[in-house]
Structures are given as structure tokens and as C-alpha cells.
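Trainee: coords below, sequence missing:
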């Protein structure tokens, strides 16, 4: 059965040592198996301290989330930006290795919100830029037993990759430890058939983020969750499913994620309702 996890962004941003010290015991008490660990800025949380905290509460690190604000780009940019982005991604890999997380996931190609029109030839060049920029990071990650999950975002947040088919094309030729991170929120917007899209991602899936179609709790929405979980199982993915949402209380993250209203009675309720729904489906009840 999949481990079920949550992302601290449901409650707070930035995610630092103090947030994790407060949240991890609560996740364990609620019955979560895992947590995602965003790295907004390198050093926000200490990997050694975090590894001890997780071990002390029986919580696994499901993955490290790479964050790409303006200035973190591997495509269609200058050499110094590529170099600084590679350095950031290596730091994410180091953090993942330290806490035992199997994957670094996120839109590691370009800053969230950066969009531009591309001709087919320009898109091919953009994808070549990405492969060249990520390849040394992938090698670095592979040496440390860490995978990289590339996340497709919706059309309002990127113009690089919006669908699983595009993402498969984007990562073609990269080492086997580079794959795909699924996110049900973005898939609901962009995929004509999100369940068939899981099959397209199939052998490349490294990590899975789940949220309701409005970024609320899984189950309080219109996604066919039994069908989605069946598709994930058929794809051969056995890793964690992590609930990702965002708090409307932090102006920066609320604006970045377009969270303009509460998505549940409370952030605790969002996480707990999602956990109960997924746990029930996985248990066959």
C-alpha cells in the first residue's frame, strides 16, 4: 500500500526547522506515513536535524520539493542563471540524500509563472537546453541514489511542459533516474484524460502529488479517485502519495498558487479529510 504524506505548505511557508518541529509530530499523531520537504531557500531547514526528527516520529521523507521562483531557470536563459540553478538543485539532492528521500521533484526547468510562445523549432531548442542543463545534476543525483521528478504545470504557470506526453519528450535521453512527478491538480486542467495520462507517464513516474481539483482535499472534488489510483497501480508506481495544497494566510505563497479563498473548513481539515479519503480507498472501504 502506498505511504500517504502531506506537504507543509498546507500550513506554512517558508518551511523551516521550527515549522517541521511543530508539524511532524502532528502528522505522525494523525496517521500520516510521510512528509514532503520543500526547499524554498537552501538552509531553511537542517537536513541532519530533520532526519533525526523524522526518525523519532516514524515519518519518512517522501521527497524534496524543488522551488523555482524568478531566476531559477535551466532553459532559454544565460549561463550564470543555469549555473546557479544547477547549484541549487544539487543542494536539493544533498538534502534529499541526507533525509533519505528518494526523489527531488518540481518544475526544475524554469521559474513558475514564466511563460512565452514557442515555435516548434524553438521548443526543440528549449528542450535541448533543459537536457544539457539537467544532465550533470542528474548524474550528481544518481551517484547519491536520488531520482529527479520533472513536474508538468498548467498553462498559466509555464509554457514549457503542460502534459505527460510533453514531459516524456522533455526527459528523453536523460539518465534513468530522471522521470516524472505527477500532480493531479495540473493534470485535471491540462490532460484530456488524466487517467490515460498516468499510463503515458507510466514507467517514468518517480513521485505523485495529490490534491482536489480546486487544490482542496482529495475526495472533496470531481476527480474519479478510485480510477486514478487504479491507473497509478497499473503504471507500477508503489511510492508515496502526498497531499499538496497551500495556505491562504501567507500572502506570497497564496499569490504564487492563486489561493484566494479557504479551500476547506481549516487547513487541518483539508489534510485529515484527504488522508481519510485516500486511506479508505486504498483499504478498499
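Mentor: Received it, and whenever you're ready, just let me know what you need. Please read these numbers as outputs of a predicted model, since none were measured by experiment.
Trainee: for my notes, confirm residue 168 occurs in a strand.
Mentor: No. Assessed with DSSP: H, G, I helix; E, B strand; the rest coil, residue 168 is helix; it does not lie in a strand.
Trainee: contacting residues for it?
Mentor: Shown in contact with residue 168 (C-beta atoms under 8 Å, 6 or more residues apart in numbering): 180, 200-201, 204. C-beta: built from backbone N, CA, C; applies to glycine.
Trainee: among those residues, which lie within helices?
Mentor: 200-201 (DSSP state H).
Trainee: out of the contacts of residue 168, who's the most crowded?
Mentor: Greatest neighbour count in the contacts of residue 168, by other C-beta atoms under 10 Å, goes to residue 180: 28 neighbours.
Trainee: who does that residue bridge with?
Mentor: residue 150, residue 205 (DSSP bridges).
Trainee: distance check, it against residue 72.
Mentor: 19 Å (C-beta to C-beta, to the nearest Å).
Trainee: what are the phi and psi values for the residue of the chain most remote from its centre?
Mentor: Within the chain, the residue lying farthest from the chain centre (C-alpha atoms, centre = their mean) is residue 121, at 28.7 Å. Here is the backbone geometry of residue 121 (degrees, to the nearest 10): phi -70, psi -40.
Trainee: residue 259 against residue 249, yeah?
Mentor: No. Judged on C-beta atoms under 8 Å, residue 259 makes no contact with residue 249 at a distance of 9.4 Å.
Trainee: flag every buried residue along the helix or strand harbouring residue 125.
Mentor: Per DSSP states H and E, residue 125 falls inside helix 120-143. The neighbour-count check on helix 120-143 (16 or more other C-beta atoms under 10 Å) flags 123, 126-127, 129-131, 133-134, 137-138, 140-142 as buried.
Trainee: what are the pairing partners of the helix or strand where residue 35 lies, and which direction each?
Mentor: Element membership for residue 35, per DSSP H and E: strand 34-39. Neighbouring strands of strand 34-39 in its sheet, by DSSP bridges, are strand 4-6 (parallel), strand 60-66 (parallel).
Trainee: nearest to residue 24 among the contacts of residue 168?
Mentor: Nearest to residue 24 among the contacts of residue 168 is residue 180, at 27.3 Å by C-beta to C-beta.
Trainee: so what's residue 173 up against?
Mentor: Going by C-beta under 8 Å, 6+ apart, residue 173 touches residue 131.
Trainee: assign it to helix, strand or coil.
Mentor: For residue 173, the assignment made with three-state DSSP gives coil.
Trainee: now residue 92
Mentor: helix.
Trainee: run a quick neighbour tally on the residue nearest to it when sequence neighbours are not counted.
Mentor: Leaving out its chain neighbours, the residue that sits closest to residue 92 by C-beta to C-beta, 6 or more residues apart in numbering is residue 104, at 4.7 Å. Using other C-beta under 10 Å, residue 104 is surrounded by 30 other residues.
Trainee: assumed residue 104 was part of a strand.
Mentor: Yes. With three-state DSSP as the criterion, residue 104 is part of a strand.
Trainee: that one against residue 66, yeah?
Mentor: Yes. Counting by C-beta under 8 Å, residue 104 touches residue 66, with 5.6 Å between them.
Trainee: what sits in contact with each of these two?
Mentor: Joint contacts of residue 104 and residue 66 (C-beta under 8 Å, 6+ apart) are 89, 92.
Trainee: cheers, nothing more for now.
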